[in-house]
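1. below: sequence and its predicted model.
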Amino acid sequence: MPRRTKIVATLGPATDDLAVMDELVAAGVDVVRLNLSHDTHARHRERAERIRDRAWAAGRQVGLLADLQGPKIRIGRFAEGAVELRPGDGFSVDSACPLDRGDRTCVGTTYTELALDVARGDTLLLDDGAIELWVEEVSGSRVRCKVVVGGRLSNNKGINKKGGGLSAPALTDKDIEDIRFAAEIQADYVAVSFVRSADDVRQAREVFQAAGGTGGIVAKIERAEALTTIDEIIHAADVVMIARGDLGVEIGDAELPAVQKAIIHRARELNSVVITATQMMQSMIESPIPTRAEVFDVANAVLDGTDAVMLSAETSVGRYPAKVVEAMHRICEEAEKQTAVRRSAHRIDSVFGRVDEAIAMATMYTANHLGVKAIAALTETGSTVKWMSRISSGIPIYALTRHVATRRKVTIFRGAYPVSFDVASTDIHEVNREVVEELLRRGTVRNGDLVIITKGDRSGVEGQTNIMKIMRVGEHALLTED
């Protein structure tokens with residue numbers, strides 16, 4: 001069986017060589033990420049074109065995710081490059097301080113509204129929580145603090161408020177330009193950083209669609225306040241990403257595992273797609289093998305039902321980009337062998353609102369209880385395939401479509417695989433034969449196997465899936481039609 005959990009890998013300097021891109025594709029990467037916090041549009045455009053060319057040459061379809069930088073909530077720079085802070089020291093963060101003149105008593109910040117968002121008693125966390133400051137007083141633009149946890153603090157480190165509450169908007173002017181760029185390169189997904197509410201998602205979608213973008217929106221869950229409206233955010237977005245770096249800083253690392261499990265579970269309950277991200281294989285930036293803790297981390301995300309696991313610095317700047325993907329591939333495959341991953345009671349008592357949704361649910365229930373070897377879904381938009389992929393199963397779902405954008409879209413759905421397929425005939429029996437021949441050609445089925453085909457009476461029309469057919473390979477007789 002092919003691996004069901006998808007792998008997202010970030011492109012960067014370490015992957016720019018065409019040979020490395022070929023290795024990534026061969027290793028099984030499903031979606032590539034462009035981190036728009038770094039590099040120019042020209043460099044990202046070149047990477048997008050190259051990886052699509054290399055995937056096409058290998059007969060693969062690879063999705064493209066453009067990840068926005070979001071608001072830069074950072075301290076400024078120090079005159080000496082860094083300072084050493086000790087517990088009990090006084091230290092201020094002041095937006096009026098020149099951004100390049102910080103010292104051991106005060107540093108500037110790119111976030112001019114900081115003093116409006118904090119009060120005495122709040123805790124500020126710098127450098128991913130490595131430095132902890134207790135707010136003693138807010139005076140004008142200056143936030144006077146006492147150092148609780150000290151250490152070496154260097155230039156441009158991030159600022160978080162423990163428990164959340166920084167009011168910087170999710171979309172900056174740079175983000176809006178980057179969304180338009182994402183539309184230009186036909187990105188399949190745009191990831192919005194530091195989402196606070198469903199409105200942030202809707203705003204990004206409006207900008208993306210106005211620029212001609214047709215892909216989906218990913219809501220990155222990395223602010224504490226996003227957890228209070230998580231259902232609304234899931235409904236507004238196409239995908240949610242558990243961005244464990246900033247989220248862990250804001251809510252505390254001890255709470256993060258339970259929150260991750262809850263988000264994965266809730267996203268699947270609400271028929272959404274979920275990515276688990278940040279430091280999944282961090283040691284492999286330098287090492288050719290993962291730590292045992294990293295193996296458990298990836299496997300647990302798979303067991304919990306994540307659609308995709310994501311690599312960041314491990315592939316973009318690491319020494320072993322392809323080896324990381326290969327290692328993640330092995331871990332996912334082994335975790336997917338567990339019975340719990342292949343059984344589901346998802347939405348067993350639900351009432352469905354659409355015919356195509358009902359067909360998708362009926363297909364998965366039947367497939368899981370009848371010994372079906374493969375599912376072939378003729379689809380225009382991928383919606384039926386998405387609903388199917390919410391059901392835990394060990395049965396591959398092939399999304400047969402003539403649309404390149406739809407094939408790229410489904411690359412991130414768990415257990416779904418894109419196939420270029422254009423219905424050449426209006427005769428339903430001929431279409432069935434062509435579909436089965438495609439599955440045979442891929443080695444997915446053999447004579448005597450049962451397969452399910454879903455399609456619509458009106459071929460090529462969006463939202464018209466209304467037929468589920470069960471067929472036995474090698475026989476022309478129709479067993480079931482609904």
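-> Right, received. Where do you want to start? Numbers count the residues shown, from 1 in each chain.
2. residue 84 pairs with what?
-> residue 152 (DSSP bridges).
3. looking at it, it is touching residue 150, isn't it?
-> Yes: taking contacts as C-beta atoms under 8 Å, residue 84 lies within contact range of residue 150: 7.4 Å. Backbone N, C-alpha and C define where each C-beta goes, glycine included.
4. who's more crowded, those two?
-> Between residue 84 and residue 150, counting by other C-beta atoms under 10 Å, residue 150 is the more crowded of the two (18 against 10).
5. contact partners for the nearest residue to the more buried one once chain neighbours are set aside?
-> Computed as C-beta to C-beta, 6 or more residues apart in numbering, the closest residue to residue 150 that is not its neighbour in sequence is residue 85, at 4.1 Å. If you count contacts by C-beta atoms under 8 Å, 6 or more residues apart in numbering, residue 85 has them with 91, 104, 131, 147, 150, 151, 152, 153.
6. wait, is residue 33 part of a strand?
-> Yes: remark: residue 33 belongs to a strand, assigned using DSSP: H, G, I helix; E, B strand; the rest coil.
7. what number of residues lie near residue 431?
-> 20.
8. typo on my end, residue 225
-> Applying other C-beta under 10 Å, I find that residue 225 has 16 neighbouring residues.
9. for it, what are its contacts?
-> So residue 225 contacts 164, 165, 196, 197 (C-beta under 8 Å, 6+ apart).
10. the third one and residue 236: what is the separation?
-> Right, residue 196. Remark: distance between residue 196 and residue 236 (C-beta to C-beta, to the nearest Å) = 12 Å.
11. cool, the last one as well?
-> In this structure, residue 197 lies at 8 Å from residue 236, with C-beta to C-beta as the measure.
12. the two - which one has more neighbours?
-> Using other C-beta under 10 Å, the more surrounded residue of residue 197 and residue 236 is residue 236, with 21 against 18.
13. that's a strand at residue 159, yeah?
-> Yes: counting by three-state DSSP, residue 159 falls inside a strand.
14. contacts only, for the nearest residue to it once chain neighbours are set aside.
-> In space, and not counting its chain neighbours, residue 159 is closest to residue 73: 4.9 Å by C-beta to C-beta, 6+ apart. By C-beta under 8 Å, 6+ apart, the residues touching residue 73 are 109, 110, 111, 114, 158, 159, 160, 166, 168.
15. do residue 253 as well
-> With contact set as C-beta under 8 Å, 6+ apart, residue 253 has these partners: residue 129.
16. so what's residue 107 bridging to?
-> residue 93.
17. tell me the secondary structure at residue 332.
-> helix.
18. distance of the residue lying closest to it once chain neighbours are set aside from residue 422?
-> Spatial nearest neighbour of residue 332, excluding adjacent residues (C-beta to C-beta, 6+ apart): residue 5 at 4.3 Å. Distance, residue 5 to residue 422, by C-beta to C-beta: 29 Å.
19. okay, the two: which has more neighbours?
-> Applying other C-beta under 10 Å to residue 5 and residue 422 shows that residue 5 carries more neighbours, namely 26 against 12.
20. would you mind listing the residues in contact with the more buried one?
-> Counted by C-beta under 8 Å, 6+ apart, residue 5 has contacts 302, 306, 307, 308, 309, 332, 335, 336, 414.
21. what's the neighbour count on the first one?
-> Counted with other C-beta under 10 Å, the burial measure for residue 302 works out to 25 neighbours.
22. separation between the closest residue to it other than its chain neighbours and residue 290?
-> In this structure, residue 302 finds its nearest non-sequential neighbour in residue 335, 3.9 Å apart by C-beta to C-beta, 6+ apart. From residue 335 across to residue 290, the span is 14 Å (C-beta to C-beta).
23. any common contacting residues for the two?
-> With C-beta under 8 Å, 6+ apart as the test, residue 335 and residue 290 both reach residue 298.
24. who does the residue positioned nearest the centre of the chain bridge with?
-> With distances taken as C-alpha atoms, centre = their mean, residue 275 lies nearest the centre of the chain, 3.7 Å away. Beta-bridge partners for residue 275, by DSSP bridges, are residue 241, residue 308.
25. got the contact list for it?
-> Taking C-beta under 8 Å, 6+ apart as the criterion, residue 275 is in contact with 8, 218, 239, 240, 241, 242, 306, 307, 308, 309, 310, 412.
26. after the host helix or strand of the second one comes which helix or strand?
-> In this structure, residue 218 sits in strand 216-221 according to DSSP states H and E. In the C-terminal direction, the helix or strand that comes right after strand 216-221 (DSSP H and E) is helix 230-236.
27. what packs against that next one?
-> When contacts are defined as 3 or more C-beta pairs under 8 Å, 6 or more residues apart in numbering; DSSP states H and E, helix 230-236 packs onto helix 198-210, strand 216-221, helix 256-269.
28. for residue 24, find the nearest of the ones you listed.
-> Ranking those by proximity to residue 24 (C-beta to C-beta) places strand 216-221 first, at 20.4 Å.
29. what strands flank that closest one, and is each parallel or antiparallel?
-> strand 189-192 (parallel), strand 239-243 (parallel).
30. make JSON lines from these and add mean pLDDT, mean neighbour count and distance to residue 373 to it.
-> Converted to JSON lines, the strands paired with strand 216-221 look like this (pLDDT from 0 to 100; neighbours: other C-beta atoms under 10 Å; distance: least, C-beta to C-beta, whole Å):
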{"stretch": "strand 189-192", "mean pLDDT": "98", "mean neighbour count": "28", "distance to residue 373": "30"}
{"stretch": "strand 239-243", "mean pLDDT": "97", "mean neighbour count": "26", "distance to residue 373": "29"}
